[in-house]
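> structure, please.
(2 chains)
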Number of protein chains: 2
Amino acid sequence: MDKSLEEKLMEQGKKAKAASRFLATASTTLKNEALLKTADALEAQGAEIVAANAIDLELGEKQGLTPALLERLALNESRIKDMAQGLREIAALPDPVGEVLGMWRRPNGLEVGRIRTPIGVIGIIYESRPNVTADAAGLCLKAGNAILLRGGEEALNSNRIIARIIAQSAKDCGIPEGAVQLVDSEDRQAAVYMMKMNDYLDVLIPRGGKGLKQAVLEHASVPVIMTGMGNCHVYVDALADLSKAQKIVFNAKVQRPSVCNAAETLLVNAKIAGDFLPAMIAELKGAGVEIRGCERSREIVPDILPAREEDWDEEYLDLILAVKVLDSVEDAIEHINCHGTGHSEAIISEDYSSVRRFISAVDAAAVYANASTRFTDGNVFGFGAEMGISTQKLHARGPMGLQELTTTKFIIYGDGQIR
Amino acid sequence: MDKSLEEKLMEQGKKAKAASRFLATASTTLKNEALLKTADALEAQGAEIVAANAIDLELGEKQGLTPALLERLALNESRIKDMAQGLREIAALPDPVGEVLGMWRRPNGLEVGRIRTPIGVIGIIYESRPNVTADAAGLCLKAGNAILLRGGEEALNSNRIIARIIAQSAKDCGIPEGAVQLVDSEDRQAAVYMMKMNDYLDVLIPRGGKGLKQAVLEHASVPVIMTGMGNCHVYVDALADLSKAQKIVFNAKVQRPSVCNAAETLLVNAKIAGDFLPAMIAELKGAGVEIRGCERSREIVPDILPAREEDWDEEYLDLILAVKVLDSVEDAIEHINCHGTGHSEAIISEDYSSVRRFISAVDAAAVYANASTRFTDGNVFGFGAEMGISTQKLHARGPMGLQELTTTKFIIYGDGQIR
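Coordinates of the predicted model:
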């Protein structure tokens, strides 16, 4: 009876694999039914969810979580309604599974086609916000995948009841229990075991900070999609519309500094730095932003901290902004391709050639002309919910929606052809 | 001067990264020019290539390589012509880079699009056939990627001159030297170092057997695309056209048993096993195939070896075939999804529902109805050359052509939008 955590995980993996075989050929109707039933059940059991969440909040307060973290953790009736609504929206999206991406006849008469299929079993490691449990499970179900959820310890009671409601609703529709499972453990080792579940996990999606990324690099042998590392830049070009630039920089830094698509470094062309920086920096400082500037920026606005070399690589996730003055769009591209994390990068410019060059040469998941980096988000791009924002280049890059939770297979129709 | 192998590799990685920045925005015209120049140079320097290859062959003979391996290793004028022709064909293919995969306007006026871009730096580990050097470098160049080539020790002299000719031809066209580089070392540790080059390699493609796969699982922290593990099945259904079935099974097993898309297990529906197996097995035995059968198959054809449990998981790559009699298409699907490696799987049947069920439920890169598994190949599918056959589900699945050597990025055009 006293199974080790690793054994328990392997058993969950086995159940997930079996469920994924069922889900792979489940009809769209069935999957949507399960999503809608879950949405209703979450709303109907709202009081129980809030009660479970209250335990997490109490424990969190005792453990000294910051007010910001407690706020992310908190669930109330309206947030539960949002969760349910999210699932209904996923149900309304077209099913990616079965889409034929092309079919062509070869000279020997073979018909070769490519069709979208589920990936299989998806693992996700995430933190704090319990609504991720419902979003991630909903997206995975709709795309025909089983999911193994590893939420943060601080949200265990909330995640436990949400995952149970989803699994039960799915089961009521005839979907095997293994389809949605929570890794129910406070032991941090659980995440490390997941990184090695090659027999059961087809992909692992870690959502978290540097520590988690480091652990993944060290331990993971399963295929991984890294998400959400965002050292994002806004480059204000020589021919920028400075009033647009000021609005965009302010928004990219201040509107929600704790998220991965917030800007961390402002790059300014030397030709307009004298006109632009004083008012920009004054506005940012007024909003409580700490500025760390290069030598040239400090010649223009002396009253800011000096930037150290490390500042160019830092993802502050806070009201801090590094500022660098440079001479051309080429210098901006080089700085970004050297220091960026490949998340979201923006140029503010009215110069056609500068914009074209920036869009083409910057190596990132999302490259903007004249808009805030804050828009990199599955909902904003039109994908409904999102599973995370991939900052790697393989398989998925940028916000991951339903399509990114599928793979393809070739299907070949013949009449006895041999080689 | 006496640099360690690891230091040398990191330097190569750095040069490759720099070259990849150039290639990312290089014009199709320039890339094609380099490919065509390389093709001409390979032909012009055919004698030197053959001379270098002769050294490899001599060393290989001394080291006791099998005649089959020596045959794979050998280059002559005609094989060099084929290599050059392959590069000309790659030049003739459409450039995948810059293809816009969609662009849509969001309610706030943002235009969000998705565009195909190069991956960056690609590493490949491969064996024996030196023509892979030219194929892989050609595909990577065309898709705008730099490449780090790690061929087998047994082909070092051949690979060295081929890689030098490609790099020189590219350089003559203005492409930086780092674009095509050979890892010029006989030390097996070089492959392990490549698996950890996270700062420089965007993806590593290992082409090889179980040993390499094991090493990758153990050591790799860079993103990997596993290729070419093929435990392929042919399932002969109750309503199969038995003469088609016999031709296909024979072809899938015998035509080239050493390759990953050759069949390793024959599954036969019990309803036709008595009619089908005696003649089929006689024909296979006549071609020198060793048969290892399950109990039920041995009741029909007693004169075959008994299959052990391990046989269902074995990739023989040889004239050996496991045979199993089972009761339904569902049993065949379950056997394949349990024992297969997700490469190529075939059903032989005239039964509409059986075919439809098999195609939909079998979890593999290529699923065939009424054709030989031997067709899984980039050329056959119409992709020109191929970089390998992916047997994983992320990013690429099945034969990898130019498209699989790219990633995408989102490009977003705004007019000052903020969130």
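> can you tell me the helix or strand for residue A:104?
strand A:100-105 (DSSP states H and E).
> send me that strand as PDB with only the CA atoms.
The C-alpha atoms that make up strand A:100-105 are tabulated as PDB, following Å, rounded to 0.1, in the frame of the first residue of the first chain:
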ATOM      1  CA  VAL A 100      -6.200  16.700 -43.700                       C
ATOM      2  CA  LEU A 101      -3.300  19.100 -44.300                       C
ATOM      3  CA  GLY A 102      -2.900  17.900 -47.900                       C
ATOM      4  CA  MET A 103      -3.100  14.800 -50.100                       C
ATOM      5  CA  TRP A 104      -1.400  14.200 -53.300                       C
ATOM      6  CA  ARG A 105      -1.000  11.400 -55.900                       C
END
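> so which bits of the helix or strand just after that strand are buried?
For strand A:100-105, the following helix or strand on the C-terminal side (DSSP H and E) is strand A:111-118. Applying a neighbour-count criterion of 16 or more other C-beta atoms under 10 Å in any protein chain shown, one finds A:112, A:113, A:114, A:115, A:116, A:117, A:118 buried in strand A:111-118. The C-beta positions use only the backbone N, C-alpha and C, and glycine is treated the same way.
> stretch A:178-194 now?
For stretch A:178-194, the buried set under the neighbour-count rule, 16+ other C-beta under 10 Å, comprises A:178, A:179, A:180, A:181, A:182, A:183, A:184, A:185, A:190, A:191, A:193, A:194.
> can I get those residues in CSV with distance to chain B?
Shown next, in CSV, are the buried residues of stretch A:178-194 (distance: C-beta to the nearest C-beta, whole Å):
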residue, distance to chain B
A:178, 15
A:179, 16
A:180, 20
A:181, 20
A:182, 24
A:183, 21
A:184, 27
A:185, 25
A:190, 21
A:191, 17
A:193, 15
A:194, 15
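> quick one: contacts of the one helix or strand residue A:193 maps to?
Here residue A:193 sits within helix A:189-194, counting by DSSP H and E. Contacts of helix A:189-194 with the rest of the structure, by C-beta atoms under 8 Å, 6 or more residues apart in numbering or on different chains, involve A:5-6, A:9, A:123, A:125, A:148, A:150, A:183, A:201, A:204, A:206, A:212, A:215, A:219, A:222.
> those residues of the stretch 51-200 of chain A touching chain B, which are they?
Taking C-beta under 8 Å from any C-beta of the partner chain as the criterion, the stretch 51-200 of chain A approaches chain B at residues A:104, A:106, A:110, A:112, A:117, A:119, A:120, A:198.
> among those, name the buried ones.
Buried among those (16+ other C-beta under 10 Å): A:110, A:112, A:117, A:119, A:120.
> nearest to residue B:141, out of those: which one, please.
residue A:112 (25.9 Å; C-beta to C-beta).
> bridged to that closest one, which residues?
For residue A:112, the beta-bridge partners are residue A:104, residue A:412 (DSSP bridges).
> need the per-residue pLDDT for it.
For residue A:112, the model assigns a pLDDT of 97.
> from residue A:410, how far out is it?
Residue A:112 sits 6 Å away from residue A:410, going by C-beta to C-beta, to the nearest Å.
> isn't residue A:207 right up against residue A:129?
No. Using C-beta atoms under 8 Å, residue A:207 is not in contact with residue A:129, being 9.9 Å away.
> show me where pLDDT drops low in chain A?
A:1-2 (pLDDT under 70).
> show me it divided up by domain.
Residue ranges for each domain of chain A read A:5-225+A:400-413, A:232-379, as given by automatic domain parsing.
> and the helix holding residue A:193, how far out from the chain's middle?
20 Å (C-alpha atoms, centre = their mean, to the nearest Å).
> again with stretch A:115-125
Its chain's C-alpha centre and that of stretch A:115-125 lie 16 Å apart, by C-alpha atoms, centre = their mean.
> now do the strands in the stretch 201-350 of chain A.
A:203-206, A:232-236, A:263-269, A:290-293, A:305-306, A:320-326, A:344-348 (DSSP state E, counting those that start in this stretch).
> what's the most buried one of these?
With neighbours taken as mean count of other C-beta atoms under 10 Å in any protein chain shown, the strands of the stretch 201-350 of chain A reach their highest mean count in strand A:344-348, at a mean of 31.
> neighbours of the residue of the stretch 251-400 of chain A found nearest chain B, how many?
As assessed by C-beta to the nearest C-beta, chain B sits closest to residue A:371 within the stretch 251-400 of chain A, at 2.8 Å. Look at residue A:371: counted by other C-beta atoms under 10 Å in any protein chain shown, it has 29 neighbours.
> ok, and the closest non-adjacent residue to it?
residue B:414 (2.8 Å; C-beta to C-beta, 6 or more residues apart in numbering or on different chains).
> residue A:233 against residue A:345, yeah?
Yes. Using C-beta under 8 Å, residue A:233 is in contact with residue A:345, at 5.2 Å.
> need the overlap of contacts for these two.
residue A:336.
> list the buried residues of the lengthiest helix in chain A.
In chain A, taking DSSP state H as the definition, the longest helix is helix A:5-24. For helix A:5-24, a neighbour-count test (16+ other C-beta under 10 Å) marks A:9-10, A:12-13, A:15-24 as buried.
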